[in-house]
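Chemist: how does the following fold in three dimensions:
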Amino acid sequence: MRKHCHCGQMMNLGFRLVIFEGIYEIDRVPIYECEDCSYYEVLPEVKSDLTDMLSELKKKQPNGRVYFTEMNELADLIFGIYRQWNRTESASFESLLEQQCEERINLLLDLYGGAKNIGDLEWMNEISKRLSQLSKYVKNRQLS
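Modeler: Numbering: from 1, shown residues only. The predicted structure follows:
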C-alpha cells in the first residue's frame, strides 16, 4: 500500500508506536511514511477508530501499552499481510487485503450467528464492531 506524499515522493506502509499524552502507548498503528521528508500519517481507513480508541482508553485504562491490531480488525489484517508479504509475489498487497477482508467478514458473520444462537449480546456487539471496521474499508474500496 502506497500513496503520494506532499513532497512528491511515494509513502510506504509502516507501523508505529504512537504515544498519546505521554501516557498511552498504542503499538502497531498502520501509517504511511515518507523516507525522503520523514512525514507520516495514520492510514485514513483506521484514523477514526484510533481516535475513538484513545477516548476509550482515557476512560478505562490509566496507562500502559495497547496493540492497535488487537482492537481493530482492519489493522490486524494489514499487519498480518505486511509481516508475510513478499514484494516479488504475483499478488499485490491490495488484492491480498481484499481477499482476506472477504474471508474475515465471512468468518465474523459465522461467529455472529453462533453468538446470536447462544444469546450472547456482548459478543454480538464486539463482532458487529469488528464487522463495521472491515465493511467500511470494503465499501470505500468499491466506491473508488
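
Chemist: which residue is nearest the middle of the chain?
Modeler: Ala75 (2.0 Å; Cα atoms, centre = their mean).

Chemist: tell me which strands and helices the helix or strand that residue falls within is in contact with?
Modeler: Secondary structure from DSSP states H and E places Ala75 in helix 73-84. If you count contacts as 3 or more Cβ pairs under 8 Å, 6 or more residues apart in numbering; DSSP states H and E, helix 73-84 packs onto strand 10-20, strand 24-33, helix 44-60, helix 68-71, helix 93-118, helix 121-143. In short, each C-beta sits where N, CA and C put it, glycine included.

Chemist: how many other residues sit next to Glu103?
Modeler: Neighbours of Glu103 under the rule other Cβ atoms under 10 Å: 11.

Chemist: show me the contacts for the residue nearest to the centre of the chain.
Modeler: When contacts are counted by Cβ atoms under 8 Å, 6 or more residues apart in numbering, Ala75 touches Arg28, Val29, Pro30, Leu43, Val46, Asp49, Phe68, Thr69.

Chemist: do the same with Pro30
Modeler: Contacts of Pro30 (Cβ under 8 Å, 6+ apart): Leu13, Gly14, Phe15, Val42, Leu43, Val46, Phe68, Ala75, Ile78, Phe79, Tyr82.

Chemist: ok, the first one touching Tyr40?
Modeler: No. Leu13 lies out of contact with Tyr40 (Cβ atoms under 8 Å); the separation is 10.6 Å.

Chemist: the more surrounded of these two?
Modeler: Neighbour count, other Cβ under 10 Å: between Leu13 and Tyr40, Leu13 has more, with 18 against 15.

Chemist: give me the local confidence score for that one.
Modeler: Note on Leu13: pLDDT of 93.

Chemist: okay, now the nearest residue to it once chain neighbours are set aside: neighbour count?
Modeler: Spatial nearest neighbour of Leu13, excluding adjacent residues (Cβ to Cβ, 6 or more residues apart in numbering): Met1 at 4.4 Å. By other Cβ under 10 Å, 17 other residues sit near Met1.
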